[in-house]
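Undergrad: Have a look at this prediction, sequence included:
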Amino acid sequence: MTDCRAIAERLQRIPTTLAADLLKDCDVFERSATGFRPMTSGTTAFAGPVRTIAFLPGRPELRLRKAPPLHFTEIDALEPGDVLVLAAGGSEQGALLGDMLATRAKAQGAAGAVVDGAARDLAGLDEAGLPVFARGLAPMAAHATLIPVASRCPVRLGDVTVLPEDWILADGDGILVLPRALVDLVIERHDAASVKERFSRHLLVTGFALAEVFPLPAALEPFLQRFAATDEMPDQAAVRRALGAPALPGGQTRDAKRPGA
């Protein structure tokens with residue numbers, strides 16, 4: 001997988017709840033950032049590689065840095081598909097993201113933003129069209145209270161560490177922080193699980209009981225592999241033989257290459 005946009009499109013179609021289930025053997029609790037809520041109405045799922053910016057509480061020494069501020073420069077340099085991560089340790093002493101910054105991020109092609117702190121300008125955020133998650137709201141901008149000090153660096157997002165090479169998957173159920181290898185893994189597992197689920201559903205439609213085909217027993221794995229490759233369903237009698245179940249009365253069978261066709 002080399003096309004980030006194509007990967008993001010596939011990843012964002014996977015609910016975070018399902019992704020967590022698919023990665024339950026991968027310490028998902030260390031990758032779930034909690035306590036964030038959508039700041040934009042009708043927020044849809046988004047996914048993409050992170051662009052991190054770290055903020056610290058203001059001090060006179062930090063305020064002496066030349067303009068433009070670091071987060072302005074980084075937003076101007078966003079790549080299409082990036083997820084902007086503004087990390088202020090949860091501080092809501094001033095908003096880190098408002099409508100103007102969101103508008104510029106959207107114009108640069110950002111997929112979304114996660115703010116470990118406050119946002120503002122809700123109506124303007126909606127108009128900008130950039131999905132935003134944040135801890136809360138503050139009416140004043142954080143020009144002096146929170147200063148950007150580093151970018152493209154490891155940051156803390158709630159109780160989760162975000163590394164510069166990570167990806168984020170976010171939706172109404174939460175935010176997952178995924179290293180690149182887990183992005184590929186969750187997509188692969190989702191594709192395999194989707195095929196298995198579709199196969200089991202077809203078996204249920206043709207008259208098999210839940211206890212027989214869900215979860216799919218190992219005895220039906222060869223049929224599943226053929227279905228995954230050809231989309232052809234097996235003969236019903238063959239499935240029953242594999243399950244060690246008696247044939248239906250009258251020797252009923254159904255052989256549907258494409259169920260419902």
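TA: Arrived safely, thanks for sending.

Undergrad: Just the pLDDT for the closest residue to P80 other than its chain neighbours.
TA: What sits nearest to P80 in space, not counting adjacent residues and going by CB to CB, 6 or more residues apart in numbering, is G109, at 3.1 Å. All C-beta atoms are positioned from the backbone trio N, CA, C, and that covers glycine. At G109, the model reports a pLDDT of 97.

Undergrad: Mind listing the strands the top strand by length along the chain pairs with, and their directions?
TA: As assigned by DSSP state E, the longest strand anywhere in the chain is strand 46-57. Paired neighbours of strand 46-57 in the sheet (DSSP bridges): strand 83-87 (parallel), strand 146-151 (antiparallel), strand 167-171 (antiparallel).

Undergrad: After it, which helix or strand is next?
TA: For strand 46-57, the following helix or strand on the C-terminal side (DSSP states H and E) is helix 60-63.

Undergrad: next SSE after that next one?
TA: In N-to-C order, the element after helix 60-63 by DSSP H and E is helix 70-76.

Undergrad: Give the buried residues for that next one.
TA: Residues of helix 70-76 classed as buried: L70, H71, E74, I75 (neighbour count, 16 or more other CB atoms under 10 Å).

Undergrad: gap between the lowest-mean-pLDDT helix or strand in the chain and the chain center?
TA: Within the chain, no helix or strand scores below helix 60-63, which has a mean of 87 by mean pLDDT, DSSP states H and E. Chain-centre distance of helix 60-63: 37 Å, with CA atoms, centre = their mean, to the nearest Å.

Undergrad: could you pull out the strands for this structure?
TA: Along the chain, the segments classed as strands by DSSP E run 32-33, 37-38, 46-57, 83-87, 95-97, 112-119, 132-137, 146-151, 155-157, 160-162, 167-171, 174-178.

Undergrad: Buried ones in the third one, by neighbour count?
TA: It stands for strand 46-57. For strand 46-57, by 16+ other CB under 10 Å, it's F46, A47, G48, P49, V50, R51, T52, I53, A54, F55.

Undergrad: can I assume the fourth one is in contact with L169?
TA: Going back to what we said before, that points to P49. No - counting by CB atoms under 8 Å, P49 does not reach L169; the two are 11.3 Å apart.

Undergrad: intersection of neighbour lists for these two?
TA: Shared contacts of P49 and L169 (CB atoms under 8 Å, 6 or more residues apart in numbering): none.

Undergrad: what's R51 in contact with, if anything?
TA: E74, L78, E79, D82, V83, L84, V85, A110, S151, R152.

Undergrad: Excluding residues flanking it in the chain, which one is nearest it?
TA: Closest to R51 by CB to CB, 6+ apart is D82, at 4.5 Å.

Undergrad: for that neighbour, phi and psi?
TA: Main-chain dihedrals, D82, degrees, to the nearest 10: phi -60, psi 150.

Undergrad: what number of residues lie near L220?
TA: Applying other CB atoms under 10 Å, we find 22 residues neighbouring L220.

Undergrad: Let me see the contact set for it.
TA: Taking CB under 8 Å, 6+ apart as the criterion, L220 is in contact with L203, V213, V239, A242, L243.

Undergrad: go on, D82?
TA: Contacts of D82 (CB under 8 Å, 6+ apart): G48, P49, V50, R51, Q108, G109, A110, A111.

Undergrad: on that earlier part again, narrow the contacts of R51 to those that are buried.
TA: With burial judged by 16+ other CB under 10 Å, the buried subset of the contacts of R51 is E74, L78, D82, V83, L84, V85, A110, S151.
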